[in-house]
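**Student:** Sequence isn't available, so here's the structure alone:
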């Protein structure tokens, strides 16, 4: 399914629509070369630097950068379409790209002067890190002394800056109180990539090319103006999404949906010639297969419409809304339902695809493995349905602040 003008945010200019369409067209031109390199992505457990450079060249990493800082400022819906298109090719490619693409959004939580220093430079940085507070940041004059070990740092080998979320402690090592009663104070610490050590830990069932390794830091000084609060700070720059974390969660959903779309497209192609044992016709001519594929297609279309509708709504927010309400009423159930629909689609395709796909090298098998891993992300779990249902009865569903004990080194 290709992009139409109605799929882009209604307030987007004609130029922005054409730029989005151009980026999508460039991705399709790159598709054969990217597909050929997917085994390399999986084997190296990262997206190679030259692929990142090619995506940078066609403007992918400028989609969410504000025009005031040299970017395209195309907005959430355009970024959803780009990530869906990349995930249709390969989920790991889309996931690593997503992290770098969001650099200008997440870093907008830093003070404006710091943002200007980073994004008005000749070469704008790519950036990624982890949200769970697996580090400690001791408050000192002018900043923090940071140590910790963080996991799931997707794309970390390609970034210029990394961040690790930390629990903040005072000079005596005591935890400082957070904004919510009973919670610790947390701050995300932005560090040069060269200052941390990346560990080769990403050996996984799926999403192998995302390069979501661990990294650790030992007593690194981080200035005050390179720290931010992921949950409570709001962007200090115009032209980026008002709720970067909500948009991040929507991007994850777009990748999961694109993974399902890719699986269905691949099955439709193979079904033209595939003939299962005991059948007199190809899979494409089998009425049972036709029925199931029709149901899968209808579900993915509905999921895509839901995703784009909520994406437009989220892009129009002015920043005064309550983040918890946005999560419970909108992005949470969106992410959970689209993910559930996409996972069911890939499961159904897998069931139709035949025993030969059990062998290593099957593209449909890879889709199954990738979506099995990506669905584990906290942003897309079924907990969202419980929270929405509780809210509809004016009841509360308590969710504790996310914390993580640093995992043992491999």
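**Tutor:** Thanks, I have it. Owing to the predicted nature of the structure, the values given are computational and were not obtained by experimental measurement.

**Student:** helix/strand/coil for the nearest residue to residue 204 once chain neighbours are set aside?
**Tutor:** Leaving aside its sequence neighbours, residue 204 sits nearest to residue 373 (CB to CB, 6 or more residues apart in numbering; 6.2 Å). Bear in mind the C-beta positions are built from the backbone N, C-alpha and C, glycine included. Three-state call for residue 373 (DSSP: H, G, I helix; E, B strand; the rest coil): helix.

**Student:** Bridging across strands, which residues link to residue 223?
**Tutor:** residue 143 (DSSP bridges).

**Student:** about what we covered before: and the residue nearest to residue 204, what is it in contact with?
**Tutor:** By CB atoms under 8 Å, 6 or more residues apart in numbering, the residues touching residue 373 are 204, 205, 206, 207.

**Student:** Check what pLDDT it gets.
**Tutor:** The per-residue pLDDT reported for residue 373 equals 98.

**Student:** any idea how far it is from residue 346?
**Tutor:** 12 Å (CB to CB, to the nearest Å).

**Student:** tell me what the longest helix anywhere in the chain is packed against?
**Tutor:** Counting residues, the longest helix in the chain under DSSP state H turns out to be helix 14-44. Counting contacts by 3 or more CB pairs under 8 Å, 6 or more residues apart in numbering; DSSP states H and E, helix 14-44 is packed against helix 49-57, helix 76-89, helix 91-101.

**Student:** other SSEs contacting the second one?
**Tutor:** Judged by 3+ CB pairs under 8 Å, 6+ apart, the packing partners of helix 76-89 are helix 14-44, helix 91-101, helix 244-270, helix 287-315.

**Student:** And the second one, how far out from the chain middle?
**Tutor:** I take that to be helix 91-101. 6 Å (CA atoms, centre = their mean, to the nearest Å).

**Student:** Which secondary structure elements does that helix sit against?
**Tutor:** helix 14-44, helix 49-57, helix 76-89, strand 127-140, helix 244-270, helix 363-374.

**Student:** which is the next helix or strand following that helix?
**Tutor:** helix 103-106 (DSSP states H and E).

**Student:** which helices and strands sit right next to that following helix?
**Tutor:** strand 127-140, helix 244-270.

**Student:** Can you say which of the ones you listed is packed in most?
**Tutor:** Most buried of the helices and strands packed on helix 103-106, by mean neighbour count (mean count of other CB atoms under 10 Å): helix 244-270, with a mean of 24.

**Student:** And the protein, split by domain according to the record?
**Tutor:** 5-109, 125-228, 244-392 (automatic domain parsing).

**Student:** Can you check which of the ones you listed gets nearest to residue 119?
**Tutor:** Of all the domains of the chain, it is domain 5-109 that lies closest to residue 119, at 4.0 Å by CB to CB.

**Student:** Need the mean per-residue confidence for that closest one.
**Tutor:** Averaging pLDDT along domain 5-109 yields 92.

**Student:** let's number from 57 now, not from 1
**Tutor:** From this message on, residue numbering opens at 57, which makes the last subject domain 61-165.

**Student:** Grab the nearest non-local neighbour of the residue nearest the centre of the chain.
**Tutor:** For the chain, the residue nearest the mean C-alpha position is residue 308 (3.8 Å; CA atoms, centre = their mean). What sits nearest to residue 308 in space, not counting adjacent residues and going by CB to CB, 6+ apart, is residue 435, at 5.1 Å.

**Student:** how about the one you found, what does it touch?
**Tutor:** By CB under 8 Å, 6+ apart, the neighbours of residue 435 are 304, 305, 308, 309, 391.

**Student:** Go ahead and confirm the third one touches residue 430.
**Tutor:** Yes. The pair residue 308 and residue 430 qualifies as a contact (CB atoms under 8 Å) at a distance of 7.1 Å.

**Student:** intersection of neighbour lists for these two?
**Tutor:** residue 436.

**Student:** Could you verify my assumption that residue 145 touches residue 91?
**Tutor:** Yes. Contact criterion CB under 8 Å: residue 145 and residue 91 qualify, at 6.3 Å.

**Student:** Which one's more surrounded, these two?
**Tutor:** residue 145 (20 against 13; other CB atoms under 10 Å).
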